[in-house]
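1. Got a sequence here, can you build the structure:
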Amino acid sequence: MDYKKLHLNVPVGVTSIIQLSFMKQFLIASFFLIIIGCSKKDVLITLEFSNQQEIDTLFYSVPLSGTVYFGFFDTLRVNETGKFELNLKITKPSFISFRDKNYSTLVKLLVEPGNNYNISLDNQKNVEITGVNEKGLMLYATLPDPLYVETELRTIANPYNDTVSLISVHEKINTLKQDDLSKFKELLDSKEITTSFYNIIKNDRDCYYASLEARFLHFKAYKPFNGGMKIDDEIFERLKTIYDQYPPNDENLLFTSFGSEYARNYIKDYQLFIQKDYNIQKLQDLRKAGIGNTYIINESKKHLTGKALEFFQARHIHYLCFEYQSHEKELIVLFEQFEKDYPNSEYSKFLKPYIDKLIVYHNNIENPLDKDITFLENYETVNTLEEAIKPLKGKKIYIDVWATWCGPCKAEFAHNEALKKILAENDIQQLYISIDVDDKDQEWKDAIKGFHLTGTHIRANKEFRNNLMVLFSKNNERPSISIPWYILIDEQGNIMEERAKRPSQLVSGDKLVE
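-> Residues are numbered from 1 along each chain as shown. Below is the predicted model:
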């Protein structure tokens, strides 16, 4: 039978119906293949400490749409068997890092949908991992995993050392990268890891070392020029080469461990500075006007698209709230716009708690000053700690030395209500000493109302700040100060604890005085 002739003899309308029928079946089949391919699969990770360490809580990075940023984290509690168990549902391979209460990495691994992993750690953070690609995972666990690449950069090349040549740093970073990859290549060649696992690790190493070198070049790139900053032409070409080779908009880099920081530096430290009309004063003026972050978000829209743009915006808002404890009202507007642009974004649930607190903060600023908030009389003339505590003698004093620009200081304010109860039970009054400079006076007063910092307040003048630095560094040749700093004073005005416990430590059960 001549099938070709038979086909030609079928009426055109019937042929169209047949074609549509086949097309419909094909589309339905394709749809279900996509659904199956995108369906979430379980991953079970079991982690235990081989030496019975007294750790009951871990923090782990949540893989949202496969992306990695430790700011999006959750907690994991030890179970009745002394182990930590994490059950995830993921659609694609994802990096997961586990950290302790100090945010130090315990272990990081690449997990794949449908697989189980068992991890054992000892005191020295030696790790044993069982599961698919386990030798590759144990090798990966030995590699540096800084919260920010700049931390690791300082161990490779001091960016502030003007004698370090650009080419020597490039060669050193390239050598480190090749050493890393060669070890994984050996495992690939011996079939101890899969090709897909190797490719993901290679992307991760590409992004990590590109981030390291780009960050180093950013430190070296800018020099004063006509009241602003000018980028060095040679360094600009080197940076351009890196970003051309590893585009921050590439989703392969987006899903690596360091993709979010890489993209942030690309927008904030590269694209802004290479603009012909850009100078450092411009961004400062925009920030003072309350639209500095809006400007950065708008710039990101020019250079990023799709998932990379969504992740950048979410990460930028969260980074300011989480790391800097920023309370800029502008962030509320940016989040509202983010929700409109990405109504189903997985990132929103990590942003909203911070935005809700921001709304409360700004509502507090609009309210009258609380009667339990007082300012030390004539505080502008106080030059020493002894003068500051003199009016408060007769009771113990818990002193909080802070500043509006200090993220860790502001993070501690989250424990204020519980701290207030502890101090009241011990008949201790609270004194806040801000080391903000004069032009931050209104910002300082707003923060006191915004955070509802009940107690007595003083903003240290220049002489008082110097006095505090000398005290903190114990008359060191080069006095300095690190905040937040807490001091406990007795009823006679003597220092009981020069480095008193933080509110978070007291709330968790530490004693006021050892």
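
2. Quick check: His415 is in a strand.
-> No. According to DSSP: H, G, I helix; E, B strand; the rest coil, the state of His415 is helix, so it is not within a strand.

3. number of nearby residues for it?
-> Counted with other Cβ atoms under 10 Å, the neighbours of His415 add up to 17. No exception for glycine: its C-beta is placed from N, CA and C like everyone else's.

4. Ser182 too?
-> Neighbours of Ser182 using other Cβ under 10 Å come to 9.

5. likewise Phe413?
-> Neighbour tally, Phe413, other Cβ under 10 Å: 19.

6. Would you tell me which strand is longest in the protein?
-> Identified as the longest strand of the chain according to DSSP state E is strand 41-49.

7. From the centroid of the chain, which residue is nearest?
-> Nearest residue to the geometric centre of the chain (Cα atoms, centre = their mean): Gly71, 4.4 Å.

8. you'd agree that one is up against His316?
-> No. Checked against Cβ atoms under 8 Å, the pair Gly71 and His316 is beyond contact range at 10.5 Å.

9. Give me the packing partners of whichever strand or helix holds Arg154, helices and strands only.
-> Taking DSSP states H and E as the definition, Arg154 sits inside helix 149-156. Using 3 or more Cβ pairs under 8 Å, 6 or more residues apart in numbering; DSSP states H and E, the elements in contact with helix 149-156 are helix 166-189, helix 195-221.

10. 7 Å instead, please
-> Judged by 3 or more Cβ pairs under 7 Å, 6 or more residues apart in numbering; DSSP states H and E, helix 149-156 is in contact with helix 195-221.

11. and the helix it packs on, how far from the chain's centre?
-> In terms of Cα atoms, centre = their mean, to the nearest Å, the centre of helix 195-221 is set 18 Å apart from its chain centre.

12. swap in stretch 416-428?
-> Its chain's C-alpha centre and that of stretch 416-428 lie 31 Å apart, by Cα atoms, centre = their mean.

13. For the longest strand of the chain, buried residues please.
-> For strand 41-49, the neighbour count (16 or more other Cβ atoms under 10 Å) marks Val43, Ile45, Thr46, Leu47, Glu48, Phe49 as buried.

14. Quick one: name whatever helix or strand follows that strand.
-> Next in sequence after strand 41-49, counting helices and strands by DSSP H and E, comes strand 57-61.

15. which is the next helix or strand following that following strand?
-> Of the helices and strands lying after strand 57-61 in sequence (DSSP H and E), the nearest is strand 73-77.

16. Pull up the pairing partners for that following strand, direction included.
-> Partners of strand 73-77 in the sheet, by DSSP bridges, are strand 57-61 (antiparallel).

17. which parts of the strand it pairs with are buried?
-> Leu58, Phe59, Tyr60, Ser61.

18. Now do the contacts for the nearest residue to Leu239 once chain neighbours are set aside.
-> With sequence-adjacent residues excluded and distances taken as Cβ to Cβ, 6 or more residues apart in numbering, Leu239 is closest to Leu217, at 5.2 Å. Leu217 sits next to Ile235, Arg238, Leu239 when contact means Cβ atoms under 7 Å, 6 or more residues apart in numbering.

19. Assumed Asp145 was part of a helix.
-> No. Counting by three-state DSSP, Asp145 is not part of a helix but coil.

20. Touching, it and Thr105? I think so.
-> Yes. With contact defined as Cβ atoms under 7 Å, Asp145 and Thr105 form a contacting pair (4.3 Å).

21. For stretch 430-448, measure first residue to last.
-> 13 Å (Cα to Cα, to the nearest Å).

22. same thing with stretch 57-65?
-> Length of stretch 57-65, first residue to last, Cα to Cα: 25 Å.

23. For it, give the mean pLDDT please.
-> Regarding stretch 57-65, the rounded mean pLDDT is 92.

24. One more: stretch 322-340?
-> Average pLDDT, stretch 322-340: 94.

25. contact partners of it?
-> Here stretch 322-340 makes contact (Cβ under 7 Å, 6+ apart) with 71, 290-291, 293-294, 297, 313-314, 317, 320-321, 348, 351, 354-355, 358-359, 361-362, 407, 410-411, 450.

26. Could you pick out the buried ones from the residues you listed?
-> Among those, those scoring as buried are 71, 291, 293-294, 297, 313-314, 317, 320-321, 351, 354-355, 358, 361-362, 410-411, 450 (criterion: 16+ other Cβ under 10 Å).

27. Now, these that are in helices?
-> Those of these mapping onto helices are 293-294, 297, 313-314, 317, 320-321, 351, 354-355, 358, 361-362, 410-411, 450, per DSSP state H.

28. ok, Phe184 to Leu153 distance?
-> To Leu153, Phe184 is 22 Å away according to Cβ to Cβ, to the nearest Å.

29. Equivalent analysis for Lys135, please.
-> Relative to Leu153, and taking Cβ to Cβ, Lys135 is found at 28 Å.

30. If you count surrounding residues, which of those two has more?
-> Neighbours per residue, other Cβ under 10 Å: of Lys135 and Leu153, the larger number sits with Leu153, 20 against 15.
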